[in-house]
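Novice: model the following, please.
(one chain, ligands or ions: 1)
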Amino acid sequence: MRKKIVAGNWKMNLTSEEALKLNTAIDTFVAKNEPKCEVIHFSPYIYLNEGINSVESIAIGAQNGYPEKNGAFTGEISMYQLKEIGVRNILIGHSERRQIFKETDAFLKSKVDAATNLDLTIFFCCGETISQRENGKHVATVITQLENSIFHLSEEQFKNVVIAYEPIWAIGTGKTASPAQANEMHQAIRAAIQKNYNAEIAKKTSIIYGGSCKPTNASELFHQSDIDGGLIGGASLKSEDFMSIISTYK
Ligand SMILES: O=C(CO)COP(=O)(O)O
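Specialist: From the prediction side, this is the model:
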């Protein structure tokens, strides 16, 4: 069985008090209900330390990390520093990093290598724009993103990778990919993993969906054959909503 994962990407939200409250609420909920999935909060940097030290049943991951170990990179946080405080999971390639911060495939590849060298679990995000989908280029776009930044990893290294498919047109828009649209892409991604690696690795790689995932649509999405959970933005900021999504894996 593939690992099921429900992860919250808090993005640049919450006060320190709200972050602690949400971490504690979800941690307590998971400890009590023992859902059949791994639960992760991808938190802003400044709340990582307290988060890591205050939870037991969920993981706290980083939304970003700089690939160099240390040096003159004012304002950056290295993956090495993250690992040192106990971070084990990292997001790489989120469309907001690609679009707003102009992170290229080559830069993302260097992040993938740095995270791999530190043995971090990489949540590699990929996804197409609405015009790429309308032009029938959605599958090719996503597979190219994988080929350019992550498929160079060895079979052994790829075992530390989770793929997060997040169609850009569905992020924060309230427009979710239909379960069929999402599953089609997840199947294409799995087929590409099989082609680059092998059937065993393809079968074992968790591929999660992100983009306006909420309590009302999580169950149908997560029950698709190739969807192994979700990367949740807005709905992960409300404990009731996030608990409801986690409960899909009772
Ligand atoms: O970007 C996302 C998660 O990384 C999805 O965000 P929303 O769930 O707010 O659409």
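
Novice: around the ligand, which positions in this structure sit nearby?
Specialist: 9, 94, 166, 171-172, 210-213, 231-235 (C-beta under 6 Å from any ligand atom). Any C-beta I mention is one placed from the backbone N, CA and C, and that applies to glycine too.

Novice: ok, which pair from the residues you listed is furthest apart?
Specialist: H94 and A235 (16.5 Å; C-beta to C-beta).

Novice: those two: which is more packed in?
Specialist: Taking neighbours as other C-beta atoms under 10 Å, H94 and A235 compare with H94 leading, 28 against 20.

Novice: which residues sit in contact with the more buried one?
Specialist: 9, 63, 125, 166 (C-beta atoms under 8 Å, 6 or more residues apart in numbering).

Novice: reformat those residues as JSON lines; add distance to D105.
Specialist: Converted to JSON lines, the contacts of H94 look like this (distance: C-beta to C-beta, whole Å):
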{"residue": "N9", "distance to D105": "21"}
{"residue": "Q63", "distance to D105": "19"}
{"residue": "C125", "distance to D105": "12"}
{"residue": "E166", "distance to D105": "16"}
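
Novice: pick out the most distant pair among those.
Specialist: Farthest pair in the contacts of H94, by C-beta to C-beta: Q63 and E166, 13.2 Å.

Novice: between these two, which is the more surrounded one?
Specialist: More crowded of Q63 and E166, by other C-beta under 10 Å: E166, with 28 against 20.

Novice: among the residues of the chain next to the ligand, show me the least confident.
Specialist: Here the lowest pLDDT out of these sits on G172, with 90.

Novice: what's the local residue count around E34?
Specialist: Each residue near E34 was counted by other C-beta under 10 Å, and the total is 11.

Novice: ok, E56 next?
Specialist: 8.

Novice: which helix or strand contains it?
Specialist: Taking DSSP states H and E as the definition, one finds E56 inside no helix or strand.

Novice: got phi/psi on it?
Specialist: The phi/psi pair for E56 (degrees, to the nearest 10) reads phi -130, psi -30.

Novice: that one contacts T28, doesn't it?
Specialist: No - between E56 and T28 there is no contact under C-beta atoms under 8 Å: 9.4 Å.

Novice: how distant is the strand or helix carrying I163 from the center of its chain?
Specialist: Applying DSSP H and E as the criterion places I163 in strand 161-165. The chain centroid and the centroid of strand 161-165 are separated by 6 Å, computed with C-alpha atoms, centre = their mean, to the nearest Å.

Novice: tell me the angle the following helix or strand past it makes with strand 161-165.
Specialist: Next in sequence after strand 161-165, counting helices and strands by DSSP H and E, comes helix 179-196. Angle, helix 179-196 to strand 161-165, by axes from the mean of the first three to the mean of the last three C-alpha atoms, to 10 degrees: 140 degrees.

Novice: show me what helix 179-196 is packed up against.
Specialist: Helices and strands touching helix 179-196, by 3 or more C-beta pairs under 8 Å, 6 or more residues apart in numbering; DSSP states H and E, are helix 138-149, strand 161-165, helix 199-204, strand 207-209, helix 215-222.

Novice: rerun at 6 Å
Specialist: Applying 3 or more C-beta pairs under 6 Å, 6 or more residues apart in numbering; DSSP states H and E, we find helix 179-196 packed against helix 199-204, strand 207-209, helix 215-222.

Novice: enumerate the beta-bridge partners assigned to the spatially most central residue of the chain.
Specialist: Nearest to the mean C-alpha position of the chain, by C-alpha atoms, centre = their mean, lies F123 at 4.3 Å. Beta-bridge partners recorded for F123 (DSSP bridges): L91, V162.
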